[in-house]
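Q: sequence? don't have it. structure:
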RNA sequence: CGGGCUGUGGCGCAGCUUGGUUAGCGCGCUUGACUGGGGGUCAAGAGGUCGGGAGUUCGAAUCUCCCCAGCCCGACCA
């Protein structure tokens, strides 16, 4: 294409409100424009990149046997009520009504719809099936941010597997791991798999693919020695043994005037790891207690996963007082009856502990948890901190800030049971089909590549998804230069290279700056200097390295380079 | 949802504290000239409901109130 005819609205200045690098560069480079919070228009350049990302995903899904479909975006409420997620999804779901007052929703994901399609399966001989689509999802995110990284309307590749048993699911899961690894390799993203919480998706296990990135929103605990990596919502670590002394015969009250914090109580003689921290939470309208060791932090998602709570929030100080009789700072679970008490595993078997006495300015010491506290449920609740020991090898774990680039779930038979997705097995017995679901956001991955590949001059796209693989920059629009440019341009096009001819009547500096800003990986510069020797200049965007090439040889050379890079 | 901040030509901003003729600047845009290998120079132009509404006032971009939108932090979130 000829630049002079295209709509590539690059900006001299970066937008003032863009914090994330990808956001600023995609706007400045003329790839995207915001319509309103969380909704972006993809301009020609942006759509080209987006399409190339989608193509890579499509190719890799096809390579593992995926069959592409396209399901509706708008769904009747009934289908979501059938799975029970009409209620559990809460505010994330855009809801609307049609003219007959029927309730509808915009799809946040498509398990329900694919399960409906799958209900037509009737025999194990039809399995396995692997279906996917690249389709818009709508999510009413509380806080869209960072350009394309977190939006309310976005294209996602979501695939769904249907197998006769769990071994089949394992096989499908493994296929996706391979496909995703290939996708991220082709996108040149440093993604790595991590253990994740399945959250509202439910199901058995899930794996996220994370890309280290400052603009990300997830923390991953990673071991540098072995391959352990897990989302902080799921991560565990090995704790040093704590040797407890024998407990007192019974908890002993002692006055702690003015002491409201773990740290203050520590100064008063109770080490933090010998304290029980009691937090009052409101889970789906019920008051519950979460107990962790004094020096530990509660991870809310872990609590949700352990208890199945849908909505969870900390109680207000007044609510805490109403429930336990004291203000935060003197709360405890000793002798508490009638409230659900969930305790972290690190507290199991501990004795001689200190905790609040549910009386302002009073605490108990000598507490034996097994004896004195009616724990209703033991669970892993504590948030792992950087530096704690890896469970499998003991190395200190590090925290890495990441973007979630993909997420794959083993769903099991939950949806199959609700939607009647059953098939007859070899013995003629009706069996629920085992499902998996697998997601990868197209726009988010595009933005993540932008986050990962840029410099002070702008974007540096990998050849695989660059809006154009090569730009021909004509320094001076005289007949001689344009003639040479046209020959090379036609030659490259004939060779199947995605080439952009910058034939704008602008100063060389402007063209160089724009080419670099929009991140075209290779540039052929045509100017009188080199042309006098029958040569053109060839520059690699990433390194800035320039070399002179005979004008008749450059097309073949570039084609070879691009072809190699493209396939990577 | 809580906290902080911001809305002024296409983009980036000043003006607002202390109300006062015609609302400025840079970039971009149009036309012309000179230029021509890293965002050039000169000249002449076009382009603005100052986020919206109500109020105070002789007079509001500026003060007051309400609303809307956007950004950032936190909460939340497949």
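A: Structure's in. What do you need? The structure displayed is predicted, hence computed values, not measured ones.
Q: okay, CA-based contacts and neighbour counts for the rest of this
A: OK.
Q: leaving out chain neighbours, which residue sits closest to the residue nearest the centre of chain A?
A: Nearest residue to the geometric centre of chain A (Cα atoms, centre = their mean): residue A:404, 2.0 Å. Once flanking residues are discounted, residue A:404 sits nearest to residue A:210: 4.8 Å by Cα to Cα, 6 or more residues apart in numbering.
Q: name the element that neighbour belongs to?
A: According to DSSP states H and E, residue A:210 maps onto strand A:206-212.
Q: touching RNA strand B at all, that strand?
A: No: with Cα under 7 Å from any atom of the strand as the criterion, RNA strand B is not reached by strand A:206-212; the gap is at least 8.7 Å.
Q: so whichever helix or strand comes after that strand versus strand A:206-212, what angle?
A: Downstream of strand A:206-212, the first helix or strand assigned by DSSP H and E is strand A:218-222. Strand A:218-222 and strand A:206-212 are oriented at 100 degrees to each other (axes from the mean of the first three to the mean of the last three Cα atoms, to 10 degrees).
Q: neighbours around the nearest residue to residue A:124 once chain neighbours are set aside, how many?
A: Using Cα to Cα, 6+ apart and skipping residues adjacent in sequence, the residue nearest residue A:124 is residue A:425, 5.2 Å away. If you count neighbours by other Cα atoms under 10 Å, residue A:425 ends up with 15.
Q: likewise for residue A:4?
A: The burial count for residue A:4: 13, using other Cα under 10 Å.
Q: so what strands line up beside the helix or strand of chain A with the lowest mean pLDDT?
A: The weakest-scoring helix or strand in chain A, judged by mean pLDDT, DSSP states H and E, is strand A:312-314 (a mean of 81). Using DSSP bridges, strand A:312-314 pairs in its sheet with strand A:276-283 (antiparallel).
Q: tell me the helix or strand right after the strand it pairs with.
A: strand A:286-293.
Q: if we can go back for a sec, centre of the chain to the strand or helix carrying the residue nearest to the centre of chain A, how far?
A: Residue A:404 is part of strand A:398-412 when elements are defined by DSSP H and E. Counting by Cα atoms, centre = their mean, to the nearest Å, strand A:398-412 is centred 6 Å from the centre of its parent chain.
Q: what bridges to the residue in the stretch 351-500 of chain A positioned nearest to RNA strand B?
A: Nearest residue of the stretch 351-500 of chain A to RNA strand B: residue A:439, at 5.0 Å (Cα to the nearest atom of the strand). Beta-bridge pairing for residue A:439 (DSSP bridges): residue A:158, residue A:407.
Q: OK, contacts around it?
A: For residue A:439, the contact set (Cα atoms under 8 Å, 6 or more residues apart in numbering) comprises A:156-159, A:406-408.
Q: okay, domains of chain A per the record?
A: A:58-220+A:399-450, A:252-379, A:468-567 (automatic domain parsing).
Q: which one of those domains lies nearest to residue A:457?
A: Nearest to residue A:457 among those is domain A:468-567 (5.8 Å), distances taken as Cα to Cα.
Q: touching RNA strand B at all, the closest one?
A: Yes: shown here: domain A:468-567 in contact with RNA strand B (Cα under 7 Å from any atom of the strand) through A:475-476, A:505-514, A:516-517, A:525-531, A:537.
Q: buried among those? Make that a ChimeraX selection.
A: In ChimeraX, a selection of the buried entries from the residues of domain A:468-567 next to RNA strand B looks like this (16 or more other Cα atoms under 10 Å):
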select /A:475,476,508,511,512,514,516,517,525,526,527,528,530,531,537
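Q: filter the residues of domain A:468-567 next to RNA strand B down to just the ones in helices.
A: In this view, the residues of domain A:468-567 next to RNA strand B that belong to helices under DSSP state H are A:508-514, A:516-517, A:528-531.
Q: report the lowest-confidence entry in the residues you listed.
A: Least confident of these in the model: residue A:529, at 90.
Q: measure that residue to residue A:535 for me?
A: 9 Å (Cα to Cα, to the nearest Å).
Q: still on that earlier bit, mind checking the pLDDT average for the strand holding residue A:210?
A: Strand A:206-212 shows a mean pLDDT of 93.
Q: can you check stretch A:392-409 too?
A: The average pLDDT for stretch A:392-409 rounds to 93.
Q: quick one: buried residues of it?
A: Quick answer for stretch A:392-409 (16+ other Cα under 10 Å): A:395-409.
Q: how about the helix or strand hosting residue A:415, does it reach RNA strand B?
A: Element membership for residue A:415, per DSSP H and E: helix A:414-419. No: under the criterion of Cα under 7 Å from any atom of the strand, RNA strand B is not reached by helix A:414-419; the shortest gap measures 14.0 Å.
Q: what is the helix or strand that comes right after that helix packed up against?
A: Per DSSP H and E, the first helix or strand lying C-terminal to helix A:414-419 is strand A:422-424. Counting contacts by 3 or more Cα pairs under 8 Å, 6 or more residues apart in numbering; DSSP states H and E, strand A:422-424 packs against strand A:430-432.
Q: just the closest residue of the stretch 251-400 of chain A to RNA strand B, please.
A: residue A:300 (5.2 Å).
Q: I should have written the stretch 101-250 of chain A there, sorry.
A: Using Cα to the nearest atom of the strand, residue A:109 is the residue of the stretch 101-250 of chain A that sits closest to RNA strand B, at 3.0 Å.
Q: elements contacting the strand holding residue A:404?
A: Using 3+ Cα pairs under 8 Å, 6+ apart, strand A:398-412 is in contact with helix A:166-186, strand A:206-212, strand A:218-222, strand A:434-441, helix A:442-452.
Q: tilt between the third one and strand A:398-412?
A: For strand A:218-222 against strand A:398-412, the angle between stretch directions is 100 degrees (the same axes, to 10 degrees).
Q: before we move on, what about the last one?
A: Between helix A:442-452 and strand A:398-412, the angle comes out at 160 degrees (the same axes, to 10 degrees).
Q: with the fourth one instead?
A: Between the axes of strand A:434-441 and strand A:398-412, defined by the same axes, to 10 degrees, the angle is 140 degrees.
Q: from the chain's centre, how far out does strand A:434-441 sit?
A: Strand A:434-441 has its average C-alpha position 14 Å from the chain's average C-alpha position, going by Cα atoms, centre = their mean.
Q: got the angle for that strand vs helix A:166-186?
A: Using the same axes, to 10 degrees: strand A:434-441 against helix A:166-186 is 10 degrees.
Q: now strand A:434-441: mean pLDDT?
A: Per-region confidence: strand A:434-441 scores 96 on mean pLDDT.
Q: still on that earlier bit, got JSON lines for the contacts of residue A:439, with distance to RNA strand B too?
A: Shown next, in JSON lines, are the contacts of residue A:439 (distance: Cα to the nearest atom of the strand, whole Å):
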{"residue": "A:156", "distance to RNA strand B": "7"}
{"residue": "A:157", "distance to RNA strand B": "8"}
{"residue": "A:158", "distance to RNA strand B": "7"}
{"residue": "A:159", "distance to RNA strand B": "10"}
{"residue": "A:406", "distance to RNA strand B": "8"}
{"residue": "A:407", "distance to RNA strand B": "7"}
{"residue": "A:408", "distance to RNA strand B": "8"}
